[in-house]
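In: no sequence on this one, just coordinates:
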């Protein structure tokens, strides 16, 4: 018998006073009066437990907002994008200028059946993590695989900044060659600056060591630029964990998109996702900032190595053509000006110097000018057509 029935029986059957019953059963007189009143009005049903929930709750999230949270969750999941409570709060704040607390959104999603508890997962506090202190302190690069609509295999080269998780390069090709890695690296460096170091695994396009020594294209490129280069331990993808994790995010999104028939179409999808990932997706590891915000928040690191001379005693230097179409070159302690044309103003170039012979190339490999330096003239004019 429940306590309520005991109390009512003592009052109605045993004819004891309400004060006496309250004292003996260690309950309040008010509760005894309430139980007797409910029993007299409703009978046995009046003794059933009642909810203490208030009739109204001014602080409760409006039903319309709860529905918007659920719709946003479904939309993000259908698009293959991150749909956690923090991301939903980010998008709500963009729409309305404010958002419910993340915990509130999480409780709404849980109540609506969108959250599955996972108590078996390893706590994040147990992980030992490394993160670069500055943007461009280290880039991570790796290849992943995808397939076109007809099943044709495609390779995607991804490069991210270790500190900010900024996606600096994302290029799809049928087959990625060592020279393609250099081309992607040059384009990324032209947009974001040269990194102080690069981290990759031991794939054939990243190192020639397993094939008997020597250096592959990207190893030579980084050595010339004085950029540190490190390879992960074989069969240990955790070393490149940030770019490996990005592969998962990228593929989860691609799986929800229409299958593409051409690599150009796939590249267009990747370009859209790269912009979304960098500028609109709050990142958990960045305290819910976007990678672009984190990248711009701190001073950038730069290569600190002295660089190497490539075979043939050729001196290599990076430069940028000034607004007048000229670059400068110091030779035998004297400064010379080399004309390249105003149409190339702002272009970043690679200058190869072998004694008096000079070649000026763009980072894409286009030869802009080849000349023999005239030591008698400070300005080296272009040849007239």
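Out: That came through fine. Computed from a predicted structure; not experimentally measured.

In: show me what contacts residue 216?
Out: With contacts taken as C-beta atoms under 8 Å, 6 or more residues apart in numbering, residue 216 has the following neighbours: 178, 204-208. To be clear about C-beta, it is placed using only N, CA and C from the backbone, and glycine gets the same treatment.

In: in this structure, which residue is closest to the centre?
Out: In the chain, the C-alpha nearest the mean C-alpha coordinate belongs to residue 165, at 4.6 Å (C-alpha atoms, centre = their mean).

In: Show me which of the contacts of residue 216 is closest to residue 371.
Out: The closest of the contacts of residue 216 to residue 371 turns out to be residue 178 (C-beta to C-beta; 29.8 Å).

In: give me every residue that touches the residue nearest to that closest one when sequence neighbours are not counted.
Out: Once flanking residues are discounted, residue 178 sits nearest to residue 217: 4.0 Å by C-beta to C-beta, 6 or more residues apart in numbering. By C-beta under 8 Å, 6+ apart, residue 217 lies in contact with 178-179, 181-182.

In: ok, now residue 88?
Out: Contacts of residue 88 by C-beta under 8 Å, 6+ apart are 69, 72-73, 76, 99, 105.

In: Go through the residues you listed and say which is closest to residue 171.
Out: residue 76 (26.1 Å).

In: Kindly tell me how buried that closest one is, as a neighbour count.
Out: Residue 76 has 17 neighbouring residues, counting by other C-beta atoms under 10 Å.

In: Could you pull out the helices in the stretch 51-200 of the chain for me?
Out: 63-78, 85-96, 102-111, 178-192 (DSSP state H, counting those that start in this stretch).

In: Switch the ones you listed over to a markdown table; also include distance to residue 261 and mean pLDDT.
Out: As requested, those are arranged in a markdown table below (distance: least, C-beta to C-beta, whole Å; pLDDT from 0 to 100):
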| stretch | distance to residue 261 | mean pLDDT |
| --- | --- | --- |
| helix 63-78 | 22 | 89 |
| helix 85-96 | 31 | 88 |
| helix 102-111 | 37 | 90 |
| helix 178-192 | 22 | 90 |
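
In: so how many other residues sit close to residue 280?
Out: Residue 280 is flanked by 14 other residues according to other C-beta under 10 Å.

In: who touches the residue lying closest to it once chain neighbours are set aside in this structure?
Out: The shortest distance from residue 280 to any non-neighbouring residue, by C-beta to C-beta, 6+ apart, is to residue 290 (6.5 Å). By C-beta under 8 Å, 6+ apart, the contact set of residue 290 is 278-283.

In: Where does the spatially closest residue to residue 18 that is not a sequence neighbour sit: helix, strand or coil?
Out: Nearest residue to residue 18, sequence neighbours excluded (C-beta to C-beta, 6+ apart): residue 32, at 4.7 Å. For residue 32, the assignment made with DSSP: H, G, I helix; E, B strand; the rest coil gives helix.

In: if I look at residue 32, how far off is residue 13?
Out: Relative to residue 13, residue 32 is positioned 14 Å away (C-beta to C-beta, to the nearest Å).

In: What of residue 101?
Out: From residue 101 to residue 13 the distance is 52 Å (C-beta to C-beta).

In: Show me which pair in the contacts of residue 88 is furthest apart.
Out: 76 and 99 (14.5 Å).

In: So this structure: which segments form each domain?
Out: Split into domains by automatic domain parsing, the chain comes to 3-47, 63-116, 139-276, 315-380.

In: now the end-to-end length of stretch 360-373.
Out: Taking C-alpha to C-alpha, to the nearest Å, the first and last residues of stretch 360-373 lie 12 Å apart.

In: contact partners of that stretch?
Out: By C-beta under 8 Å, 6+ apart, stretch 360-373 touches 183, 186-187, 189-190, 327, 329, 331, 336, 338, 340, 344, 347-352, 356-359, 380, 382.

In: Kindly report the same for stretch 319-327.
Out: 328, 337-349, 351, 360, 379.

In: Comparing residue 101 and residue 13, which residue is more hemmed in?
Out: Using other C-beta under 10 Å, the more surrounded residue of residue 101 and residue 13 is residue 101, with 11 against 8.

In: Against residue 62, how distant is the residue nearest to that one when sequence neighbours are not counted?
Out: Of all residues not flanking residue 101 in the chain, residue 89 sits nearest, at 7.8 Å (C-beta to C-beta, 6+ apart). From residue 89 across to residue 62, the span is 16 Å (C-beta to C-beta).

In: which one of those two has more residues nearby?
Out: residue 89 (23 against 9).

In: ok so, going back, buried among the contacts of residue 290? Make that a PyMOL selection.
Out: Buried residues within these, by 16 or more other C-beta atoms under 10 Å, are selected in PyMOL with:
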select buried, resi 278+281+282+283
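
In: Nearest to residue 80 among the contacts of residue 290?
Out: Taking C-beta to C-beta as the measure, residue 80 lies nearest residue 281 of the contacts of residue 290, at 11.8 Å.
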